[in-house]
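K.L.:
next one to model:
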Amino acid sequence: MALLTLLDAELAYGLHPLLDRAGFTVLEGERVGLIGRNGTGKTSLLKVIAGLAALDEGELKRRDGLRVVLVEQEPELPLASTLRESLAIRGEIDHVHDERERWRLEARLVEYMHRFGLDPAQAPDTASGGERKRAALALALARQPDLLLLDEPTNHLDIDGITLLEDLLLKGPAAIVITHDRAFLDRVVNRIVELDRGLLRSYPGNFAAYERRKADRLATEGVAHRKFDKFWAQEEAWIRRGIKARRTRDEGRVRRLEQLRRERAVRRERLGNVKLTLDAGERSGKLVAELSGVSKRFGERTIVQDLSLCIQRSDRLGLIGPNGAGKSTLLKLILGQLAPDAGEVRLGTNLQVAYFDQMREQLDPEHTLLDTISPGSDWVQIGAERKHVMTYLADFLFPPQRAKAPVKMLSGGERNRLLLARLFARPANVLVLDEPTNDLDIESLELLEDTLQGYPGTLLLVSHDRAFLDNVVTQTLVAEHNGKWQEYAGGYRDWLSQRPVSSAAAPTLVVEGRDRAGASANAARVNNKLSYKESRELEQLPAEIEALEREQHELTADMSRADYHKQGAERIKADRKRTAEIERQLVERFERWAQLDEKDAKHR
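P.N.:
Coordinates of the predicted model:
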């Protein structure tokens, strides 16, 4: 059954329409990933669906009684003495007239706050960005919506928080999610909808399936545009040949040319891509930094305990840990910007460091884009290439008319691009990136990955983007407990496969340095030996998972065929229902397999 349907929707703010006679439908059980370039109108579309904005033209049909809840990218918490009271105000819990339902809602809210590792008694004005996001998510899920709208839900969340949210969404309501987290999209969504030049294009399956189909569609679109442009050029050449074109017998051809001109005028080209170039400057010494027995405390909280680490030229080190573990502090220790309480930090020679700060404190909001990139000069030197500052800003998708605009007028994604432009305008053989992926769209994110993969200098990266870590780093440094950090070879997935069973079994959410029980803390710890029935179940699970994955692959391939829409509404509905069921069964079987395998490992 359709939850909502968008018909011939039109919405515009500025030069180009955000929605241009767009349409799509969301069905029960669907988890839709809404993607598109920054500024294309994704957030505006969510606000329309949530009833917070109106279409210029078109129609939005919602099922009677549909309960829709939106979690904004930067949620605000009302003033109150406690976090629980603030969320009660935000969710208008006191306005629920049915006393039993109000009590149930309050109970669910407390439950989800504990799942997200939140302290209900905390003062809301002391909450960090990650805590505000967790609180808003807890309230949204407690309200049990029919349709959940999430705008960049993984921003400010650590990896434990992201995986917890994934687990809850897989068992939760229908959802529309805006996110640049490709691992999140691959695990959670069963349909991708791309907002591209005012149109909504739908692709069945997860993000990986979308990428395969998108490449084919763009190739087809490119061929069609080239054929159109060739024909149009021929007709323009014909009209310029002279007076013969005005003869009566050629009036039809003239009218056709006028139509071609109109079609070409309204054709919207895809936005350009950011052009990233990194100058590594002069080579640093072979040793970049060496830490010997380093420890650091703030009050009673230990950030680093007896860490010895050697970073050499061209190393690509990723730091992984929950919010509050001290990743940014450790970066400052490595760079010699912060003195340790114990131990020694030795820095290498000829280090040229460029630092990307997740809080963007290096950007003066009152300065213009020109002053930020190249103060006092019209030129930027990138290696052997010299570029005019206007051309360089255009490489980062800033048009000339915005060059003299103040930084405070930029969106979050634009500020990220500007900070990258500022960093890359200077040679650096040590690049430090602290959460560089926040607010970047997926295409810019992938371009940044490609650039970093070819960077010959040393890279230190803090990120909660699992796919980004896998694609960029060659080793990881992971916060484990009580200030202990452990180094592993490879990226995020490699760490998962190498980490001790004890740390993989039941991670505890750590929020801003305070240990709080997460959802996994409620998991039962079974210490008994496997029964005969459980042993048989463990043996059979791999074959069951393989059969489900094979069916999933065949179903996705079938739904990806160009003529699939001809199968009829009932068939399409049945296939989507089966796709969702397969995903649910896979999650259950993987969880059961992990549980039984862990239990068996304790008695081997």
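
K.L.:
first to last residue in stretch 197-208, what's the distance?
P.N.:
Stretch 197-208 has an end-to-end distance of 22 Å (CA to CA, to the nearest Å).

K.L.:
oh, that last question was meant for stretch 138-150, not what I typed.
P.N.:
Calculated as CA to CA, the first-to-last residue distance of stretch 138-150 is 12 Å.

K.L.:
so for that stretch, mean pLDDT?
P.N.:
For stretch 138-150, mean pLDDT rounds to 96.

K.L.:
all strands for the stretch 201-350 of the chain, in order.
P.N.:
Residue ranges of the strands in the stretch 201-350 of the chain, as given by DSSP state E, counting those that start in this stretch, are 287-298, 301-312, 316-320, 342-347.

K.L.:
any idea which of those gets closest to Leu77?
P.N.:
Nearest to Leu77 among these is strand 301-312 (24.5 Å), distances taken as CB to CB. To be clear about C-beta, it is placed using only N, CA and C from the backbone, and glycine gets the same treatment.

K.L.:
partner strands of that closest one, with direction?
P.N.:
With DSSP bridges as the test, strand 301-312 is paired with strand 287-298 (antiparallel).

K.L.:
for the partner strand, buried residues please.
P.N.:
If you call a residue buried by 16 or more other CB atoms under 10 Å, then strand 287-298 has these buried ones: Val288, Ala289, Glu290, Leu291, Val294, Ser295, Lys296.

K.L.:
returning to that earlier point: would JSON lines of the strands of the stretch 201-350 of the chain with mean pLDDT and distance to Arg493 be doable?
P.N.:
Listed next are these as JSON lines, based on pLDDT from 0 to 100; distance: least, CB to CB, whole Å:
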{"stretch": "strand 287-298", "mean pLDDT": "95", "distance to Arg493": "25"}
{"stretch": "strand 301-312", "mean pLDDT": "94", "distance to Arg493": "22"}
{"stretch": "strand 316-320", "mean pLDDT": "95", "distance to Arg493": "12"}
{"stretch": "strand 342-347", "mean pLDDT": "96", "distance to Arg493": "30"}
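
K.L.:
for these, which one sits closest to Thr437?
P.N.:
Of these, nearest to Thr437 by CB to CB is strand 316-320, at 12.1 Å.

K.L.:
who touches that closest one?
P.N.:
Identification of contacts with strand 316-320 by CB atoms under 8 Å, 6 or more residues apart in numbering yields 159, 311, 327, 330-331, 452, 458-463, 469, 472-479, 491-492, 495.

K.L.:
list buried residues within those.
P.N.:
Among the contacts of strand 316-320, those classed as buried by neighbour count (16+ other CB under 10 Å) are 159, 311, 327, 330-331, 452, 458-463, 469, 472-473, 475-479, 491-492, 495.

K.L.:
so of these, which ones are in strands?
P.N.:
Members of the buried ones among the contacts of strand 316-320 lying in strands (criterion: DSSP state E): Ile311, Thr458, Leu459, Leu460, Leu461, Val462, Gln475, Thr476, Leu477, Val478, Ala479.

K.L.:
model confidence score at the second one, please.
P.N.:
Among the per-residue scores, Thr458 shows a pLDDT of 94.

K.L.:
isn't it up against Ser314?
P.N.:
Yes - if you go by CB atoms under 8 Å, Thr458 and Ser314 touch, sitting 6.1 Å apart.

K.L.:
angles on the backbone of Ile178, please.
P.N.:
The phi/psi pair for Ile178 (degrees, to the nearest 10) reads phi -100, psi 120.

K.L.:
any idea what it is bridged to?
P.N.:
Taking DSSP bridges as the rule, Ile178 bridges to Leu34, Asp151.

K.L.:
OK, contacts around it?
P.N.:
Contacts of Ile178 by CB under 8 Å, 6+ apart are Leu34, Ile35, Lys42, Thr43, Leu46, Gln73, Leu150, Asp151, Glu152.

K.L.:
farthest pair within those?
P.N.:
Ile35 and Gln73 (14.6 Å).

K.L.:
show me where the stretch 401-550 of the chain has its helices.
P.N.:
For the stretch 401-550 of the chain, the helices defined by DSSP state H, counting those that start in this stretch cover 412-424, 442-453, 466-472, 492-498, 501-505, 532-559.

K.L.:
buried set for the helix or strand just after the longest one?
P.N.:
Using DSSP states H and E, the next helix or strand after helix 532-559 towards the C-terminus is helix 569-601. Judged by neighbour count (16+ other CB under 10 Å), helix 569-601 contains these buried residues: 572, 575-576, 579-580, 582-583, 586, 589, 592-593, 595-596, 598-599.

K.L.:
burial count for Tyr402?
P.N.:
Just to correct that, residue 402 is Arg rather than Tyr. Other residues within reach of Arg402, judged by other CB atoms under 10 Å, total 15.

K.L.:
equivalent analysis for Arg67, please.
P.N.:
Look at Arg67: counted by other CB under 10 Å, it has 13 neighbours.

K.L.:
quick one: it and Ala140 touch, right?
P.N.:
No - using CB under 8 Å as the test, Arg67 is too far from Ala140 to be in contact (10.8 Å).

K.L.:
Gln337 versus Ser444, what's the distance?
P.N.:
Computed with CB to CB, to the nearest Å, the distance linking Ser444 and Gln337 is 28 Å.

K.L.:
tell me which of these two has more neighbours.
P.N.:
Using other CB under 10 Å, the more surrounded residue of Ser444 and Gln337 is Ser444, with 23 against 12.

K.L.:
per-residue confidence for the more buried one?
P.N.:
The per-residue pLDDT reported for Ser444 equals 80.

K.L.:
kindly report the same for Ser520.
P.N.:
With respect to pLDDT, Ser520 scores 37.

K.L.:
likewise Ala215?
P.N.:
Confidence score, pLDDT, at Ala215: 60.

K.L.:
chain neighbours aside, what residue packs nearest to Arg584?
P.N.:
Distances taken as CB to CB, 6 or more residues apart in numbering put Leu170 closest to Arg584, at 7.0 Å, once the chain neighbours are dropped.

K.L.:
OK, contacts around the one you found?
P.N.:
Leu170 touches Arg187, Val188, Glu583, Arg584, Val587, counting by CB under 8 Å, 6+ apart.

K.L.:
so which of the residues you listed comes closest to Ala403?
P.N.:
Val188 (39.3 Å).

K.L.:
that closest one: what's it in contact with?
P.N.:
Contact analysis of Val188 by CB under 8 Å, 6+ apart lists Arg31, Gly33, Glu166, Leu169, Leu170, Ala175, Val177, Asn206.

K.L.:
rerun that using 6 Å as the cut-off
P.N.:
Counting by CB atoms under 6 Å, 6 or more residues apart in numbering, Val188 makes contact with Arg31, Glu166, Leu169.

K.L.:
in TSV, list those along with neighbour count, pLDDT and secondary structure.
P.N.:
Listed next are the contacts of Val188 as TSV, based on neighbours: other CB atoms under 10 Å; pLDDT from 0 to 100; DSSP: H, G, I helix; E, B strand; the rest coil:
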residue	neighbour count	pLDDT	secondary structure
Arg31	23	96	strand
Glu166	17	96	helix
Leu169	22	96	helix
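
K.L.:
tell me which of those residues is nearest to Glu85?
P.N.:
Closest to Glu85, out of all of these and judged by CB to CB, is Leu169, at 26.6 Å.

K.L.:
look up how far Ala394 lies from that closest one.
P.N.:
Distance, Leu169 to Ala394, using CB to CB: 39 Å.

K.L.:
mind checking what secondary structure the spatially closest residue to Asn438 that is not a sequence neighbour has?
P.N.:
Counting by CB to CB, 6+ apart, Asn155 is the residue found nearest to Asn438 once chain neighbours are left out, at 5.3 Å. Following DSSP: H, G, I helix; E, B strand; the rest coil, Asn155 is assigned to coil.

K.L.:
now do Asn155 against Asp465, distance only.
P.N.:
Applying CB to CB to Asn155 and Asp465 gives a distance of 10 Å.

K.L.:
cool, and Pro145?
P.N.:
With CB to CB as the criterion, Pro145 and Asp465 are 27 Å apart.

K.L.:
residues near Thr368, how many?
P.N.:
Neighbour count for Thr368, taken as other CB under 10 Å: 16.
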